[in-house]
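**Student:** for reference, the sequence and a predicted model appear below.
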Amino acid sequence: MNRWILPALLLAVAACSPQPDLADPIARGERDFNGLGCVKCHMIGDKGHNWGPDLTNLGFRKSSAWIDQWLKDPHAWNPKTVMPNFNLKDSTRADLVAYLSAQKSQAWKVKPWETEAAKALPAPERGKIIFNSVGCVSCHAKDGYGGYPNNNVAGGLVNSLSKVTEGYSKSELHEKIKGGAVPIPNDSKLPPPMLQMPKWGDQLSAKEIDDVVEYLFSLKPAGSAAPSKDDF
Ligand code: HEC
Ligand code: HEC
């Protein structure tokens with residue numbers, strides 16, 4: 001081979017793509033997140049596709065230990081998940097965990113609930129956008145119906161929110177979301193539950209929490225609607 005071809009090719013590649021700082025695990029993790037196609041299903045900031053959960057503030061809501069265990073084998077945590085197992089090398093997984101744990105919403109340029117269109121919506125609809133974007137949905141599932149696995153909790157699932165209107169006033173619900181909660185282990189001899197209710201007061205404003213409260217209050221618990229004449 002012509003001895004100039006290889007160096008010329010390398011130069012061309014270097015000129016096209018900015019090289020990440022390969023000494024930095026977060027930079028390597030970002031490169032792999034894009035290179036492995038995670039962006040086909042996940043958004044971070046305004047990049048990617050939101051077929052799966054938005055990961056912009058993943059590092060705020062999920063611990064590194066949980067992210068690591070999820071990436072090792074998504075089906076071991078949730079047998080029903082559609083997230084593929086990438087059979088990642090340990091070193092690649094460690095870099096992805098470093099990158100994802102560093103995502104604490106700094107990537108949001110315009111928050112999806114702060115666009116002009118969203119600002120004009122009624123509070124419950126804006127609250128739904130917040131619920132889905134900041135990742136309440138990743139633990140409490142669509143419309144808060146629960147169903148996501150957690151370890152060492154009674155019933156094995158994260159709490160359903162579909163009946164919070166029965167147990168909470170709006171201000172109590174606001175305080176609960178603001179302050180977070182650590183679930184009580186079902187068995188004190190086993191490792192504590194990995195999914196905890198984050199302290200959202202550190203991430204969301206009082207107004208944003210109020211919008212989420214309005215959304216949760218708009219979810220009617222199944223079977224709670226007053227019977228109408230068509231029911232008989
Ligand atoms: C084919 C689409 C798809 C691809 C590709 C994909 N994921 Fe996922 N991912 C999902 C879905 C869907 C979920 C939601 C899990 C569920 O519903 O059980 C998810 C969940 C996650 C979660 C948990 C999110 C949360 O909020 O709890 C993380 C972290 C994650 N994926 C990281 C990755 C990484 C890293 C890659 C690339 C190596 C990747 N995903 C590739 C579909 C995908
Ligand atoms: C990392 C997972 C996770 C995320 C993300 C999360 N939660 Fe939770 N949440 C939990 C767990 C676990 C509990 C149960 C805590 C306990 O046992 O006291 C809980 C409890 C709650 C409760 C009390 C339910 C009850 O039955 O008393 C409310 C309300 C709630 N979450 C709302 C939210 C909202 C709103 C968001 C988003 C702004 C959110 N959660 C995001 C894990 C999560």
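**Tutor:** Everything's here; your move. Numbers count the residues shown, from 1 in each chain. Ligands and ions are numbered 1, 2, ... in the order given.

**Student:** what's the burial count for residue 87?
**Tutor:** If you count neighbours by other C-beta atoms under 10 Å, residue 87 ends up with 9. For the C-beta atoms, the positions are set from N, CA and C on the backbone; glycine is no exception.

**Student:** what do you get for residue 71?
**Tutor:** Neighbour tally, residue 71, other C-beta under 10 Å: 19.

**Student:** for residue 187, same thing?
**Tutor:** Count around residue 187 with other C-beta under 10 Å applied: 9.

**Student:** now do it, the pLDDT please.
**Tutor:** Listed pLDDT for residue 187 reads 97.

**Student:** grab the nearest non-local neighbour of it.
**Tutor:** Excluding the flanking residues, the one nearest residue 187 by C-beta to C-beta, 6 or more residues apart in numbering is residue 152, at 6.1 Å.

**Student:** pLDDT wise, what is the one you found at?
**Tutor:** Residue 152 is given a pLDDT of 97.

**Student:** isn't it up against residue 195?
**Tutor:** No: assessed by C-beta atoms under 8 Å, residue 152 is found out of contact with residue 195, at 10.2 Å.

**Student:** show me which of these two is the more surrounded one.
**Tutor:** Between residue 152 and residue 195, counted using other C-beta under 10 Å, residue 195 has the larger neighbour count: 20 against 17.

**Student:** which residue comes closest to the more buried one once chain neighbours are left out?
**Tutor:** residue 150 (4.5 Å).

**Student:** mind listing what that neighbour touches?
**Tutor:** Shown in contact with residue 150 (C-beta atoms under 8 Å, 6 or more residues apart in numbering): 139, 156-158, 183, 193-195.
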